[in-house]
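Peer 1: Sequence plus the predicted model coming up.
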2 protein chains.
Amino acid sequence: MLMNIKNKSYKFQFKKDDREKLVEDFANLQRKAKESGVPVIIIVDGWECSGKGFVIHDIVKEVNHKYVKVRVFGEDSDIDKAYPKLYKFWNASPEKGDIVIFDRSFYHDLMFPMDRDKFDAQIADCISIEKQLCDDGVLFLKFFLHIDRDIQKKRIKEYEKDGYKSALLSDIDYEQNKHYDKYLESISRVLKATDIDGAKWHIIPADSMKDASAEILGISISEIGKAIEKKNKGERFCPEREIELPEAKDYLGKLNYSLKLSKEEYKENKKVLLNKLQSIGYEFFKKKISAMIIFEGVDAAGKGGAIQRLTMGLDPRGYDVVPISKPTQVELNHHYLWRFWKEVPEKGRIVVFDRSWYGRVLVERIEKLATEFEWKRAYEEINTTEKALRDSGILVLKFFISIEKEEQLKRFNARKDNPEKSYKLTDEDWRNREKWDLYIEAYNDMLTFTDTKYAPWILVPGNDKYYARIKVMEETVKRAAEFLKSYKKK
Amino acid sequence: MLMNIKNKSYKFQFKKDDREKLVEDFANLQRKAKESGVPVIIIVDGWECSGKGFVIHDIVKEVNHKYVKVRVFGEDSDIDKAYPKLYKFWNASPEKGDIVIFDRSFYHDLMFPMDRDKFDAQIADCISIEKQLCDDGVLFLKFFLHIDRDIQKKRIKEYEKDGYKSALLSDIDYEQNKHYDKYLESISRVLKATDIDGAKWHIIPADSMKDASAEILGISISEIGKAIEKKNKGERFCPEREIELPEAKDYLGKLNYSLKLSKEEYKENKKVLLNKLQSIGYEFFKKKISAMIIFEGVDAAGKGGAIQRLTMGLDPRGYDVVPISKPTQVELNHHYLWRFWKEVPEKGRIVVFDRSWYGRVLVERIEKLATEFEWKRAYEEINTTEKALRDSGILVLKFFISIEKEEQLKRFNARKDNPEKSYKLTDEDWRNREKWDLYIEAYNDMLTFTDTKYAPWILVPGNDKYYARIKVMEETVKRAAEFLKSYKKK
């Protein structure tokens, strides 16, 4: 068991007398990390009064602050509370070459004693997130500062006598010391669960903060050094895995493209549905519930039109439409999910995504902007993300609007010939059309591997625009109402 | 007086029967606005129950949501409360070619009855901000929906009977109707004060929401159309002004560069000051007070080193260092102050800027990246910004570290010869050195025109690094302590 460590028998590899030198070495190494583009997350967690602040202070003492940030995962601020739990984590995740120091792990809240069920429900997401960043080339260095009950008690007493430090003491310090064994158990459970390949914990005895700090600096220097070397040689420091995907189902082939509505039926339905959308939108706002509505689809399938009609029913002050196009350089320097997390709705808002993270398994796959390992593992990454959003109380709706190949040609030609609409048609559209079969394969894969119970795909045959638009509104109303109902029950 | 309008005698230029057509025209025009790069802010303010939501709904009905956003300036959310007042405004300000619709003006809070003094203290900043964006080429369209007391009362009664709308009513609707005349006075005061060139108010009678909406759409289409035309012809739609600057003082020539400290004095002072910084930093955190500490200086003057020593005294979990380098393309598509506002500290945090908005009057002036009208007006823009930050309770400290020309050469050569430091020296540094005199002039101008009582410059002769670093710490401690004291008194 990870926490079954005896501080006295731990063999320190680095000496506290070398601390100053290590501080300097770390700062020099950081410059090399920047050059090589290795992103690093250093987690400094530990018991209350174990010296986390002391250690972090040493780490950042001489660094170039341009590329080293400290992010605190303690109590949630008002800003944190307005967003889903992982929002803060993603916003803190490092750009290529940057080092981010986490004051406590982002799952520190799971280190409090709690029911097994509650714990199980949350820990899997945390592990998955770390795994995702590892896979993406982020170097994780995780340290837990360990002290026993007596040392903790002694420190608390010391702090009480110190003007500055006494102010830092809070109820939790006393609580943890009082129920030390219970906390030992819950902390051990977290450390064990998150001690994964590529992101192992180092349990560092912190009877002496200087010893602990030297050790953490030393280990960090050594590990970052190795990672830079690997990176410069073009090697991965987190090994690739073989990802076996089951056979995809032919979702799109089975769609009934002949479904249609007359103009009168369309108008009638629309009117009723817009009213329903208005009340539902308002209930989301009033109850501070958020929704993410994702639109994907074949080029020219009518995503834009469907979004337009859908949002007509919503109060423009309560929603945003986020169109996704090519990533900027800053976005490319991050994990691909990073840019989407910036757009995740705060409590009570509705965000409509016109295209989304599914670009990873569509255009990026087909244009080879993502490697096979990258896009193949993305299905699971996206599933985890959507589950996490759903778990944090956000309704996730995903629409896929499809049209047949001939219908697309008809629409392209119509756009070409209409000066008001010709701007909608680019050379890229024609190039994509040449890859029709590749896209259909990618769509079916996506639909098969990411059709989950917490975020199921809603397939919409789009040959008839009236039908498609009504279908989108109808499904939104239906599913949002169900969501509100299930929400009330809780 | 602006609000002395008789709704009955107002002559509508656009008819409500054309509303649908206007909605469409607006959407088409918006595409052209994007192409031409005109950024637009449409403010829709008005009495409670005057139909703001209705109008905004029409405006966004058919637009491409990629480039049109709605931002609500009503009650502050928890996120808004964590930042200075203008943070939200700046974050909402449009990129080139985008249209942002403000639901209420960002100074809507000043429309409540309040003391003349309180009003005067805040209104000037608001006017200045609008002026700044006008100057930068943002087209302002400001609409106030006007209804009289009876109509408002009638609407409230109607809403009470409507399931959906009744939920939108709040105390303020009743309050405003009850004290209509008082509100009329306070609203008129705001409209009058902010009815400035380039950002005039249109008072639109809203007895019929459809009439009002058609009128607002019509005026917007006409104004945006004119702006696009001007922009395409390369004309400004907000005229340039002649800016007369007084003569600058020779701040830098008067510095005493011979000030120095021995290594022992340095060490001794540093120890004491770091302790003081620690307590002060903690008090800022505890009291949720923020600080912005700006560093500017001659190349190689030792900004980085001074920042490093200063931050050594601070809890790394409570501050950020923000290094300012070349703006990204997205940043260039905004007003130059935009990117700095993103970094403004939330309550309780300290942000250290390594270079800052002063780049506008330094490198951008000298390298001609800003026009004369741009950099000359920037002094006032920056003063206003710093005053607004100070007014919202943020301590603003500004350090300028200076060295003499020979000292710079010595340092450049030392950097060149030291492999550990050579990365710090670039060709650009040598090129800047050739422009020494131009820079000195720009520095003295900056120091003269932006040395204000709410954000005075702290000049630091930097020939002796020990002296400079201690001076920075000492002044920070002194001024932060004074600030805390004055804060307590409030």
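Peer 2: In hand now; what should we look at?
Peer 1: now the end-to-end length of stretch A:172-184.
Peer 2: Terminal residues of stretch A:172-184 are spaced 14 Å apart (CA to CA, to the nearest Å).
Peer 1: How about stretch A:151-171?
Peer 2: Using CA to CA, the two ends of stretch A:151-171 sit 17 Å apart.
Peer 1: What residues of that stretch count as buried?
Peer 2: Within stretch A:151-171, the residues that qualify as buried by neighbour count (16 or more other CB atoms under 10 Å in any protein chain shown) are A:Ile151, A:Gln152, A:Lys153, A:Arg155, A:Ile156, A:Tyr159, A:Lys165, A:Leu168, A:Leu169. Yep, even glycine has a C-beta here, placed from its N, CA and C like the rest.
Peer 1: Pick out the most distant pair among those residues.
Peer 2: By the measure CB to CB, A:Ile151 and A:Leu168 form the most distant pair in the buried residues of stretch A:151-171, at 17.0 Å.
Peer 1: that older thread, out of the buried residues of stretch A:151-171, list just those in helices.
Peer 2: Those of those mapping onto helices are A:Ile151, A:Gln152, A:Lys153, A:Arg155, A:Ile156, A:Tyr159, A:Lys165, per DSSP state H.
Peer 1: who's in contact with the nearest residue to the fourth one once chain neighbours are set aside?
Peer 2: Nearest residue to A:Arg155 in three dimensions, chain neighbours excluded: A:Cys49, at 4.1 Å (CB to CB, 6 or more residues apart in numbering or on different chains). Taking CB atoms under 8 Å, 6 or more residues apart in numbering or on different chains as the contact definition, A:Cys49 lies against A:Ile147, A:Gln152, A:Arg155, A:Ile156, A:Tyr159, A:Asp173.
Peer 1: Identify the residues contacting the fourth one.
Peer 2: Looking back up the chat, that one is A:Ile156. Taking CB under 8 Å, 6+ apart, we find A:Ile156 in contact with A:Cys49, A:Leu169, A:Asp173, A:Tyr174, A:Asn177.
Peer 1: mind running it again at 6 Å?
Peer 2: The neighbourhood of A:Ile156, defined by CB atoms under 6 Å, 6 or more residues apart in numbering or on different chains, consists of A:Cys49, A:Asp173.
Peer 1: Straight-line length of stretch A:452-472, end to end?
Peer 2: Between the opening and closing residues of stretch A:452-472 there is a gap of 19 Å (CA to CA).
Peer 1: is that stretch anywhere near chain B?
Peer 2: No. Where contact is defined by CB under 6 Å from any CB of the partner chain, no part of stretch A:452-472 touches chain B; the two come within 13.8 Å at best.
Peer 1: What segments of the stretch 101-250 of chain A are helices?
Peer 2: Using DSSP state H, counting those that start in this stretch, the helices assigned to the stretch 101-250 of chain A run over residues A:116-135, A:149-160, A:163-166, A:171-178, A:180-193, A:209-232.
Peer 1: Point out the one among those that comes closest to A:Ala468.
Peer 2: When these are ranked by proximity to A:Ala468 (CB to CB), helix A:116-135 comes first, at 33.6 Å.
Peer 1: I'd like to know which elements that closest one is packed against.
Peer 2: If contacts are counted by 3 or more CB pairs under 6 Å, 6 or more residues apart in numbering or on different chains; DSSP states H and E, helix A:116-135 sits against helix A:372-391.
Peer 1: which residues touch the helix it packs on?
Peer 2: With CB under 6 Å, 6+ apart as the criterion, helix A:372-391 contacts A:84, A:86, A:125, A:128, A:132, A:240, A:243, A:357, A:360-361, A:365, A:396, A:449-450, A:452, A:454-455.
Peer 1: Would you mind identifying the next helix or strand past that helix?
Peer 2: strand A:394-402 (DSSP states H and E).
Peer 1: what distance separates that following strand from the middle of the whole chain?
Peer 2: Per CA atoms, centre = their mean, to the nearest Å, the displacement of strand A:394-402 from the mean C-alpha position of its chain is 18 Å.
Peer 1: Tell me the strands beside that strand, with direction?
Peer 2: Sheet partners assigned to strand A:394-402 using DSSP bridges are listed as strand A:290-297 (parallel), strand A:457-461 (parallel).
Peer 1: three-state assignment of A:Glu48?
Peer 2: For A:Glu48, the assignment made with DSSP: H, G, I helix; E, B strand; the rest coil gives coil.
Peer 1: for the one 5 residues further on, same thing?
Peer 2: When the structure is split into helix, strand and coil by three-state DSSP, A:Gly53 lands in helix.
Peer 1: Give me the pLDDT for it.
Peer 2: The pLDDT attached to A:Gly53 in the predicted structure is 92.
Peer 1: What of the one 4 residues further on?
Peer 2: If you check A:His57, the pLDDT there is 92.
Peer 1: What count of nearby residues applies to it?
Peer 2: Close neighbours of A:His57, defined as other CB atoms under 10 Å in any protein chain shown, add up to 22.
Peer 1: Skipping adjacent residues, who's closest to it in space?
Peer 2: B:Pro316 (5.6 Å).
Peer 1: what number of residues lie near the one you found?
Peer 2: 25.
Peer 1: you'd agree it is in a helix?
Peer 2: No. Applying three-state DSSP, one finds B:Pro316 to be coil, outside a helix.
Peer 1: Might one say that it is in contact with A:Ile56?
Peer 2: Yes. Using CB atoms under 6 Å, B:Pro316 makes contact with A:Ile56 at a distance of 5.0 Å.
Peer 1: coming back round to it: and the ones in helices among the buried residues of stretch A:151-171, which is closest to chain B?
Peer 2: Each of those was scored against chain B by CB to the nearest CB, and A:Lys165 proved nearest at 9.4 Å.
Peer 1: which residue packs closest to that closest one, ignoring adjacent ones?
Peer 2: Nearest non-adjacent residue to A:Lys165, counting by CB to CB, 6+ apart: A:Tyr159, 4.1 Å away.
Peer 1: One more: A:Glu420?
Peer 2: Taking CB to CB, 6+ apart as the measure, A:Glu420 lies nearest to B:Asn28, with 7.2 Å between them; neighbours along the chain are not counted.
Peer 1: For the one you found, pull up the helix or strand it's in.
Peer 2: helix B:19-36.
Peer 1: any idea where the strands of the stretch 201-350 of chain A begin and end?
Peer 2: With DSSP state E, counting those that start in this stretch as the criterion, the stretch 201-350 of chain A has strands at A:201-205, A:290-297, A:319-323, A:350-354.
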